[in-house]
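Peer 1: Generate a structure from the sequence data that follows.
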Amino acid sequence: QVQLQESGPGLVKPSQTLSLTCIVPGGSITTTYYWSWIRQLPGKGLEWIGYIAYSGDTAYNPSLNWRASISRHTSKNQFTLQLTSVTPEDTAVYYCARGKTLDFDVWGQGTPVSVSS
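Peer 2: Numbering: from 1, shown residues only. Next up is the predicted model:
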């Protein structure tokens, strides 16, 4: 079973940009599937952030006020989330997953991110 792997800083200061990377072992992110970022806020359910498709198309959850941006590095078979102007309300466990918006079949283990000065 393929498992994705997230990496990034565990602590980010308010107003900075959060950057996370997801490594996809095996296969190719450019030939098929959609690749998403999802987060779980403390005490709340999962929130879909956005995806990048195998074609390179992207889509985002409008609730994030267009602060999210997803890009990819095809030679490394990985994709990256950037979330600008973070606040303490962005503190969460962030996951990368294979899937579009509601249905995900392969996940990373999750990486906790705290936004604090």
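
Peer 1: Pick out the residue closest to the middle of the chain.
Peer 2: residue 37 (2.8 Å; CA atoms, centre = their mean).

Peer 1: residues in contact with that residue?
Peer 2: Counting by CB atoms under 8 Å, 6 or more residues apart in numbering, residue 37 makes contact with 20, 22, 48-51, 68, 70, 81, 94-97. (Each C-beta comes from the backbone N, C-alpha and C, glycine too.)

Peer 1: what about the residue lying closest to residue 83 once chain neighbours are set aside, neighbour count?
Peer 2: Excluding the flanking residues, the one nearest residue 83 by CB to CB, 6 or more residues apart in numbering is residue 18, at 4.3 Å. Other residues within reach of residue 18, judged by other CB atoms under 10 Å, total 20.

Peer 1: quick one: residue 18 from residue 53, how far?
Peer 2: Distance of residue 18 to residue 53, computed by CB to CB, to the nearest Å: 22 Å.

Peer 1: Run a quick check on residue 113 versus residue 95, I expect a contact.
Peer 2: No. Look at residue 113 against residue 95 with CB atoms under 8 Å: they stay out of range, at 11.0 Å.

Peer 1: Restricting to C-alpha, output stretch 34-47 in PDB.
Peer 2: What follows is stretch 34-47, C-alpha atoms only, in PDB (Å, rounded to 0.1, in the frame of the first residue of the first chain):
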ATOM      1  CA  TYR A  34      -5.800  14.100  -8.100                       C
ATOM      2  CA  TRP A  35      -3.500  15.100  -5.200                       C
ATOM      3  CA  SER A  36      -4.900  17.000  -2.300                       C
ATOM      4  CA  TRP A  37      -4.000  18.800   0.900                       C
ATOM      5  CA  ILE A  38      -6.400  18.400   3.900                       C
ATOM      6  CA  ARG A  39      -6.200  19.600   7.500                       C
ATOM      7  CA  GLN A  40      -7.700  18.900  10.800                       C
ATOM      8  CA  LEU A  41      -8.100  21.800  13.100                       C
ATOM      9  CA  PRO A  42      -8.000  21.100  16.900                       C
ATOM     10  CA  GLY A  43     -11.300  19.500  18.000                       C
ATOM     11  CA  LYS A  44     -12.800  19.700  14.500                       C
ATOM     12  CA  GLY A  45     -13.300  17.600  11.500                       C
ATOM     13  CA  LEU A  46     -11.300  17.400   8.300                       C
ATOM     14  CA  GLU A  47     -11.100  20.400   6.000                       C
END
